[in-house]
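In: Sequence first, predicted coordinates after that:
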2 protein chains.
Amino acid sequence: MAVYTHLGAEVLAGLVAEFDVGELTSVKGIAEGISNSNWLVETTGKDGAGARFILTMYEYRIEVGDLPFFLSLLDHLSARGCPVPRTIHDRQGNLYRLLDGKAVALIEFLPGVSVSAPTPGQAQAVGRALAQMQLAAADFAGVRENAMGRAEWQRLAQECGPDGLAEIDPGFAELVSRELPAVLAGWPEGLPRGTIHADLFPDNVLMLGAQVTGLIDFYFACTDLFAYDLAVTHAAWCFSNDGKHFDPALSSALIAGYEEVRPLSDAERSALPLLARGAALRFALTRAWDWVNTPADALVTRKDPVAFARRLEFYADPANATVFAAT
Amino acid sequence: MAVYTHLGAEVLAGLVAEFDVGELTSVKGIAEGISNSNWLVETTGKDGAGARFILTMYEYRIEVGDLPFFLSLLDHLSARGCPVPRTIHDRQGNLYRLLDGKAVALIEFLPGVSVSAPTPGQAQAVGRALAQMQLAAADFAGVRENAMGRAEWQRLAQECGPDGLAEIDPGFAELVSRELPAVLAGWPEGLPRGTIHADLFPDNVLMLGAQVTGLIDFYFACTDLFAYDLAVTHAAWCFSNDGKHFDPALSSALIAGYEEVRPLSDAERSALPLLARGAALRFALTRAWDWVNTPADALVTRKDPVAFARRLEFYADPANATVFAAT
């Protein structure tokens, strides 16, 4: 939650002039993004009627080499009718530019708000949108390994160390030492793969009522199991923020919405309990790593790893595997 | 530079419904404001054509008792054609509401960007806009003492202490101990008074080219000397950010613009060198106080007091009094 870089209005006006979007009329730094600085930019628009964009400067963690994958994926999905913001290409056709040595991209602004307390109708719409996105990406040529996939989890756990994990929560180290090998050993082979969002939290979905108006923040998008993407979304949408309360109505609605568009195979459905343990482990471990490695006084608010340790405990309980059973 | 409070979309939608502005369609926390949290809010608008607003939550320093002064001043000035954002009243006519126990106001969005490197044409336009604002407020009924006026400076200097000041810069304590009594003793009596902005930095002016499209952030507005307001604006606009370089072209243009609308009396003109020392002292001391009292790791970026100590040294040099001489 920060704007890391100050950009003067004159510099921004010069940048905007590199795109065929009219002249800069307003710019506000927005308090979103952990790895990026973001500005809400307004211009006169091509036709003088005004237009809005998100200008993103990639500050941390994102490899510039990955930007063509992320930004052309937006174009690909948008062209296929997914509610995804287009990348605005500059006058030379570039997907991104360099400013002060940092990569910046201009991205379409989409209306909608991120819900804090989703309804089942909203969860169902998100399930549908996720499946539509996966199908629309079927002919996307880009390939990107999941940089936060299971190969990373072992490293994250080791770097936190049992003491680091225990400091966050007394039972955390034991939970990880039990779950991590089990999830890695049980990881399913041969399930359908393709381009996935891999981070579809409510923050990354814009909605108007029960309509999804935007899927955003594709900076973890990668090539991985479709059902794992659903598992991540399940972990992100079907619990109270603190992970203490599972909401079965949201869970059913999310899965039903997904299956309206892309029915799960039997193998995927059977794998979901384990994939959900993996999803919870992924966010528990990345958050734990951030917790251990981010100074408490940093500009960025650290997200609570324990909220995902609780989800992991939920998914690890065999009695709860029924939430993924066919209805 | 922060959003201090998280407001869920549902809470914001409920808040927006208390105003006759249509339905919430987008909200972005914006990275502006030191004492406030601010959101750029979009709605369907009364007529369905869309409308934008700034939602401000008053977090620190601002007395709720002062809000009627600030917010009705915006209405007063806007009604008189000043480029000032109107306060949107709620359906019951209230200027502000309470949300989670904090005061929030919905304020008109104005286009324009804050310039970093003003041109003389822009400085002249700002001088004009300042004088127009002062004149337009002539029949404004509100009165508010300058809470950052000279009565405060002694207290701020004492609370920083000579050691606190010397820690910021070796010559700072001596500069303040010499200038503060001199400025207080020389403070002019009987100059024209009225409602002033008192904080018209480039950040608080929105421009499109050389046109002023917005004067914003009236949270230091008060009843004080008109010429002191010009002196503050002079200190804010006519130097490089670090205070090392004075720009005579900006200075002449600013004063000329002001005098196009409101010619200075001889007494005001003679007082300007001292008022400018006061203005530089005010920001040097408030920034020094913040510097001493804000942890280095706070969310808020501390502003450099030395940049205004340098301006104070400039204004304190009698040879530089000529910058305020009639041309």
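Out: Perfect, thanks for sending it.

In: Tell me which stretches of the stretch 151-300 of chain A form helices.
Out: With helices called from DSSP state H, counting those that start in this stretch, the stretch 151-300 of chain A shows them at A:172-186, A:226-237, A:248-261, A:266-293.

In: from the ones you listed, which stretch is densest packed?
Out: Among those, helix A:226-237 has the highest mean neighbour count (mean count of other C-beta atoms under 10 Å in any protein chain shown), at a mean of 26. For every residue, glycine as well, the C-beta is placed using N, CA and C.

In: Give me the contact list for it.
Out: For helix A:226-237, the external contacting residues (C-beta atoms under 8 Å, 6 or more residues apart in numbering or on different chains) are A:118, A:123, A:126-127, A:130, A:134, A:191-194, A:196-202, A:250-251, A:254-255, A:258, A:262, A:264, A:268, A:271-272, A:275-276, A:278-280, A:282-283, A:308, A:311, A:315.

In: Relative to chain B, how far out is A:L135?
Out: Applying C-beta to the nearest C-beta, to the nearest Å, the value for A:L135 to chain B is 27 Å.

In: try A:A319
Out: Where chain B is concerned, A:A319 sits at a distance of 31 Å (C-beta to the nearest C-beta).

In: repeat for A:E32
Out: Using C-beta to the nearest C-beta, one gets 7 Å for the distance from A:E32 to chain B.

In: Ok, A:F308 next?
Out: For A:F308, the distance to chain B equals 19 Å [C-beta to the nearest C-beta].

In: mind listing what that residue touches?
Out: A:F308 sits next to A:A235, A:G243, A:A280, A:L281, A:F283, A:A284, A:R287 when contact means C-beta under 8 Å, 6+ apart.

In: A:L99 now?
Out: By C-beta under 8 Å, 6+ apart, the residues touching A:L99 are A:L7, A:V11, A:L15, A:M57.

In: So what's the residue count around the first one?
Out: I take that to be A:L7. 20 (other C-beta atoms under 10 Å in any protein chain shown).

In: which stretches of the stretch 201-327 of chain A aren't confidently modelled?
Out: Applying pLDDT under 70 to the stretch 201-327 of chain A flags the ranges A:295-302.

In: what do you get if the cut-off is 90, keeping everything else the same?
Out: Scanning the stretch 201-327 of chain A for pLDDT under 90 picks out the ranges A:290-304, A:326-327.

In: Repeat that for the stretch 51-200 of chain A.
Out: Low-confidence segments of the stretch 51-200 of chain A (pLDDT under 90): A:59-64, A:100-101, A:151, A:170.

In: Around chain B, which positions in it sit nearby?
Out: Taking C-beta under 8 Å from any C-beta of the partner chain as the test, the list of the stretch 51-200 of chain A residues beside chain B reads A:P111, A:G112, A:V113, A:S114, A:V115, A:S116, A:A117.

In: mind checking how far the fifth one is from A:P202?
Out: Going from A:V115 to A:P202 by C-beta to C-beta, to the nearest Å gives 6 Å.

In: do the last one as well
Out: Counting by C-beta to C-beta, the separation of A:A117 from A:P202 is 9 Å.

In: now A:S240
Out: From A:S240 to A:P202 the distance is 12 Å (C-beta to C-beta).

In: Tell me which of those two has more neighbours.
Out: A:P202 (21 against 12).

In: Give the full set of residues in contact with that one.
Out: So A:P202 contacts A:S114, A:V115, A:S116, A:P118, A:A236, A:W237 (C-beta under 8 Å, 6+ apart).

In: Which of the three states applies to the third one?
Out: Okay, so that is A:S116. With DSSP: H, G, I helix; E, B strand; the rest coil as the basis, the three-state label of A:S116 is coil.

In: surely it meets B:A13?
Out: No - checked against C-beta atoms under 8 Å, the pair A:S116 and B:A13 is beyond contact range at 10.4 Å.

In: Quick check: the farthest pair among the contacts of A:L99?
Out: A:V11 and A:M57 (11.3 Å; C-beta to C-beta).

In: So for A:I34, what pLDDT did the model give?
Out: Per-residue pLDDT puts A:I34 at 68.

In: swap in the one 4 residues further on?
Out: In the prediction, the pLDDT value recorded for A:N38 is 92.

In: now the helix or strand it falls within against strand B:36-43, angle please.
Out: Using DSSP states H and E, A:N38 sits within strand A:36-43. Angle, strand A:36-43 to strand B:36-43, by axes from the mean of the first three to the mean of the last three C-alpha atoms, to 10 degrees: 50 degrees.

In: For strand A:36-43, name the packing helices and strands.
Out: Here strand A:36-43 touches helix A:9-16, strand A:24-30, strand A:51-58, going by 3 or more C-beta pairs under 8 Å, 6 or more residues apart in numbering or on different chains; DSSP states H and E.

In: Mean neighbour count and distance to B:R91 for those - can I get that in TSV?
Out: Listed next are the helices and strands packed on strand A:36-43 as TSV, based on neighbours: other C-beta atoms under 10 Å in any protein chain shown; distance: least, C-beta to C-beta, whole Å:
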stretch	mean neighbour count	distance to B:R91
helix A:9-16	18	36
strand A:24-30	23	27
strand A:51-58	22	28
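
In: could I get these as TSV with distance to A:A182?
Out: Listed next are those as TSV, based on distance: least, C-beta to C-beta, whole Å:
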stretch	distance to A:A182
helix A:9-16	49
strand A:24-30	41
strand A:51-58	36
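
In: out of those, nearest to A:W187?
Out: A:W187 sits nearest to strand A:51-58 of all these, at 30.7 Å, using C-beta to C-beta.

In: By proximity to chain B, which residue of the stretch 51-200 of chain A wins?
Out: With C-beta to the nearest C-beta as the measure, A:S116 is the residue of the stretch 51-200 of chain A nearest to chain B, at 3.2 Å.

In: Now do the phi/psi pair for the nearest residue to that residue once chain neighbours are set aside.
Out: Using C-beta to C-beta, 6 or more residues apart in numbering or on different chains and skipping residues adjacent in sequence, the residue nearest A:S116 is B:G8, 3.2 Å away. Here is the backbone geometry of B:G8 (degrees, to the nearest 10): phi -70, psi 160.

In: pretty sure A:L281 is in contact with A:Q154, am I right?
Out: No - using C-beta under 8 Å as the test, A:L281 is too far from A:Q154 to be in contact (10.5 Å).

In: Between these two, which contacts overlap?
Out: Overlap of the contact sets of A:L281 and A:Q154 (by C-beta under 8 Å, 6+ apart) consists of A:L180.

In: Now for A:D203, how many residues are close by?
Out: Per other C-beta under 10 Å, the neighbour tally for A:D203 reads 14.

In: swap in the one 5 residues further on?
Out: Other residues within reach of A:L208, judged by other C-beta under 10 Å, total 16.

In: Make sure it is actually in contact with B:T25.
Out: Yes - judged on C-beta under 8 Å, A:L208 makes contact with B:T25 at a distance of 6.3 Å.
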